[in-house]
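Trainee: Quick one: sequence plus predicted model below, questions after.
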Amino acid sequence: MGEEEESIEQAAAVRRERLRALKAAQELLSAPEDQDKPDDANPTMEEE
């Protein structure tokens, strides 16, 4: 039974990670498009 419980826990962990990735992707899709500016358009970035 120990192996079966580990398998269930592993499957649950994989599912949680997939949900996190899905939520992150949804946040990126719903983010304002003005964040897609090139790096040189960002005044807070300093070049060395």
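Mentor: Ah, there it is. These numbers were taken from a predicted model, which means no experiment stands behind them. Numbers count the residues shown, from 1 in each chain.
Trainee: so where is the chain shaky, pLDDT-wise?
Mentor: Low-confidence segments of the chain (pLDDT under 70): 1, 34-48.
Trainee: what do you get if the cut-off is 80, keeping everything else the same?
Mentor: The chain contains residues with pLDDT under 80 at 1, 33-48.
Trainee: Please enumerate the helices of it.
Mentor: For the chain, the helices defined by DSSP state H cover 2-30.
Trainee: Run through who's touching stretch 12-20.
Mentor: Here stretch 12-20 makes contact (CB atoms under 8 Å, 6 or more residues apart in numbering) with no residue beyond itself. The way it works is simple: take the backbone N, C-alpha and C, and place the C-beta from them, glycine included.
Trainee: May I have the phi/psi pair for A31?
Mentor: With angles defined as degrees, to the nearest 10, A31 sits at phi -70, psi 150.
Trainee: Please report the distance of it from E4.
Mentor: A31 is 41 Å from E4, where distance means CB to CB, to the nearest Å.
Trainee: What of L28?
Mentor: Taken as CB to CB, the span from L28 to E4 is 37 Å.
Trainee: now E17
Mentor: For E17 relative to E4 (CB to CB), the value is 21 Å.
Trainee: do E27 as well
Mentor: Taking CB to CB, one finds E27 at 35 Å from E4.
Trainee: Then R18?
Mentor: With distances taken as CB to CB, R18 is found 21 Å from E4.
Trainee: same deal with V14?
Mentor: 16 Å.
Trainee: Then K23?
Mentor: Plainly put, K23 is 29 Å away from E4 if you go by CB to CB.
Trainee: quick one, phi psi at P32?
Mentor: According to degrees, to the nearest 10, P32 has phi -60, psi 140.
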